[in-house]
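>>> let me see the structure of the following:
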Amino acid sequence: MKTPSIADFLWLKEEFQRIHQMNRQVGVADWCAHSYDFSCPSHLTYPFQWFWDSCFNAIALSHIDPKRAEAELVSLMKNQHEDGFISHVTFWQRDAFEEMVSTYAIAFRNKYLTDEMQPPLLAEAVAAVAARGRGEAFLREILPGVKRFYDWLDAVRSPYGDGLIRVVQPDETGLDHSPKWDELMEIKDEENASWFKGWNLICDKYIPFNRDPKKMFEVDYFAVADVMVNVIYIENLRVLSKLFLQIGDNESAKLLDSRASKAKASLEELCWDETDGLYYDINGKANKKIRVNTFSSLMPLLLPDLEPQRRDRLMAHLLDPKEYWATYPIPSVAMNHPTYRPDTVGGNLVWRGPTWMNSNWYLARGLIRHGRLDLARHIAAQSIELVKKSGVREYYNPSTGAGWGAPDFSWSTVLIDLVKEVI
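Numbering: from 1, shown residues only. Sure, this is the predicted structure:
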């Protein structure tokens, strides 16, 4: 297996600095009178600020330009809502891209801010930026707002008392077109039109309630505890707890740890499938398992306290060349699943097979925590090869390495953090 080198890290740093300079958006928004400074996902196709994209960007930028990394998160949080919620898209310069926005299937709180969440890795991003930047001074400035966001998740998105957070539509997971959602969305073919129809099937049910969260959960049609989202939630509660310990707030640290423990116990109880040896998303009050084998079923590998027998069963799936151990791991859907598509399909539907850098980042870090630095190094080395072969793309064919989706894709630069950890 290959091992990345310091030369690889330095080459990536130079290349990724170019990407972030190309995608940098700086200005002042008239609609809110706030200044902004962030990297959009891709200057050609996605000019706005997405929540989890910005978190990955900040982690990458902490290795490249710590001041810009801090600005990324400050910009993300400038329009935090009074209830603590942070929109998954901020349309800083929407008025210049109205035609583009009209093609999006998105629920809005107002014209410039959405009414959707994304996977909550904000605490991880804050930790990375503080560690390579201003440290405790930055933490004291930003942590109050960060905690308000995680308090919102607990109060609004954990409706059933089990500590797990729920999404109310598929794109809130960031895994928009994953085959996990095909049954719930009544997807009949692999075309963009089918996905939009399925999205409306779900979201139209919320219109009579003006997207009131309690009433949306009462509909009980799409109330999914996504495994990936909840593993990220648990991880970030633990990270945030440690950050509060750094500034001497033991009470907040204890509360966040308690929430993480509760969510972890429920994940184990409700999402583990003993027959298949995988974790599955669950839907609704009945906690019905969504039995589709995607990379998110492996995400609990990120948790260091995973029970060894379950860890080993997940590892067996990961290392199976018929499932996930591709030439360029890790595909987003098991390669032997009937919905696996290694390239873009239909109207550019995503998360149906290709390899993504952000999921590689998470799973490789999990492997390190479970003593498999060798496997993490291999994933990092093959990810570097993808960049060399096809550029900094949105996603890649796991067998050929061909790049697909948006070019010069900012969040793919999170690879630099993994490489730094394994060299």
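>>> so how far is Lys262 from Ala381?
38 Å (Cβ to Cβ, to the nearest Å). Backbone N, C-alpha and C define where each C-beta goes, glycine included.
>>> what's the helix or strand for the residue nearest to the spatial centre of the chain?
The centroid of the chain falls nearest to Pro119 when counting by Cα atoms, centre = their mean (4.7 Å). Assigned by DSSP states H and E, Pro119 belongs to neither a helix nor a strand.
>>> for the stretch 101-250 of the chain, which segments count as helices?
Counting by DSSP state H, counting those that start in this stretch, one finds helices in the stretch 101-250 of the chain at the ranges 122-132, 136-156, 182-185, 192-203, 213-219, 227-246, 250-271.
>>> need these in JSON lines with mean neighbour count, mean pLDDT and distance to Trp92, can you?
Output for the helices of the stretch 101-250 of the chain, formatted as JSON lines (neighbours: other Cβ atoms under 10 Å; pLDDT from 0 to 100; distance: least, Cβ to Cβ, whole Å):
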{"stretch": "helix 122-132", "mean neighbour count": "23", "mean pLDDT": "99", "distance to Trp92": "18"}
{"stretch": "helix 136-156", "mean neighbour count": "17", "mean pLDDT": "98", "distance to Trp92": "18"}
{"stretch": "helix 182-185", "mean neighbour count": "18", "mean pLDDT": "97", "distance to Trp92": "30"}
{"stretch": "helix 192-203", "mean neighbour count": "17", "mean pLDDT": "94", "distance to Trp92": "24"}
{"stretch": "helix 213-219", "mean neighbour count": "16", "mean pLDDT": "96", "distance to Trp92": "26"}
{"stretch": "helix 227-246", "mean neighbour count": "24", "mean pLDDT": "99", "distance to Trp92": "25"}
{"stretch": "helix 250-271", "mean neighbour count": "18", "mean pLDDT": "98", "distance to Trp92": "30"}
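>>> roughly how far apart are Tyr362 and Ile368?
11 Å.
>>> more neighbours: the two, which one.
Remark: of Tyr362 and Ile368, Tyr362 carries more neighbours, 25 against 18, as counted by other Cβ atoms under 10 Å.
>>> was I right to think that one contacts Pro300?
No. Taking contacts as Cβ atoms under 8 Å, Tyr362 lies outside contact range of Pro300: 10.6 Å.
>>> which neighbours do the two share?
Common neighbours of Tyr362 and Pro300, counting by Cβ atoms under 8 Å, 6 or more residues apart in numbering, are absent.
>>> show me the contacts for the closest residue to Ala127 other than its chain neighbours.
Counting by Cβ to Cβ, 6 or more residues apart in numbering, Val239 is the residue found nearest to Ala127 once chain neighbours are left out, at 5.3 Å. By Cβ under 8 Å, 6+ apart, Val239 lies in contact with Ala123, Glu124, Ala127.
>>> where does this protein dip in pLDDT?
Across the chain, the ranges flagged by pLDDT under 70 are 345-347.
>>> could you pull out the strands for it?
24-29, 34-39, 49-50, 89-90, 108-110, 113-114, 224-225, 272-273, 278-279, 281-283, 288-290, 393-396, 403-407 (DSSP state E).
>>> using JSON lines, lay out the ones you listed together with mean neighbour count.
Formatted as JSON lines, these follow (neighbours: other Cβ atoms under 10 Å):
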{"stretch": "strand 24-29", "mean neighbour count": "14"}
{"stretch": "strand 34-39", "mean neighbour count": "20"}
{"stretch": "strand 49-50", "mean neighbour count": "24"}
{"stretch": "strand 89-90", "mean neighbour count": "24"}
{"stretch": "strand 108-110", "mean neighbour count": "14"}
{"stretch": "strand 113-114", "mean neighbour count": "22"}
{"stretch": "strand 224-225", "mean neighbour count": "26"}
{"stretch": "strand 272-273", "mean neighbour count": "16"}
{"stretch": "strand 278-279", "mean neighbour count": "25"}
{"stretch": "strand 281-283", "mean neighbour count": "25"}
{"stretch": "strand 288-290", "mean neighbour count": "18"}
{"stretch": "strand 393-396", "mean neighbour count": "26"}
{"stretch": "strand 403-407", "mean neighbour count": "19"}
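>>> so which of those is nearest Gly163?
strand 224-225 (9.7 Å; Cβ to Cβ).
>>> how much space between the spatially closest residue to Pro354 that is not a sequence neighbour and Gln17?
Spatially, and ignoring its direct neighbours in sequence, Pro354 is nearest to Tyr395 (3.9 Å; Cβ to Cβ, 6+ apart). For Tyr395, the distance to Gln17 (Cβ to Cβ) stands at 22 Å.
>>> one more: Ser261?
Distance from Ser261 to Gln17, by Cβ to Cβ: 40 Å.
>>> repeat for Gln118
Using Cβ to Cβ, Gln118 is found at 25 Å from Gln17.
>>> tell me which of those two has more neighbours.
A count of neighbours by other Cβ under 10 Å puts Gln118 above the other of Gln118 and Gln17, at 24 against 18.
>>> now do the contacts for the more buried one.
Trp50, Phe51, Trp52, His88, Glu172, Thr173, Gly174.
>>> let's see 10 Å
Counting by Cβ atoms under 10 Å, 6 or more residues apart in numbering, Gln118 makes contact with 50-55, 86-89, 167, 171-174, 229, 232.
>>> Ser42 is nearest to which of the helices of the stretch 101-250 of the chain?
helix 192-203 (18.1 Å).
>>> circling back: OK, contacts around the residue nearest to the centre of the chain?
51-52, 55, 88, 165, 167, 172-175, 226, 228-233, 236, 358, 362.
>>> make it 7 Å
With contact set as Cβ atoms under 7 Å, 6 or more residues apart in numbering, Pro119 has these partners: Trp52, Thr173, Gly174, Met228, Val229, Ile232.
>>> what is the nearest of the residues you listed to Val156?
Within the contacts of Pro119, proximity to Val156 (Cβ to Cβ) peaks at Val229, which comes in at 14.2 Å.
>>> contact partners for that closest one?
If you count contacts by Cβ under 7 Å, 6+ apart, then Val229 has Pro119, Ile165, Val167, Thr173 around it.
>>> can you rerun that using 8 Å?
Pro119, Pro120, Ile165, Val167, Glu172, Thr173.
>>> out of those, which one sits closest to Pro342?
For the contacts of Val229, the nearest to Pro342 is Thr173 (20.9 Å; Cβ to Cβ).
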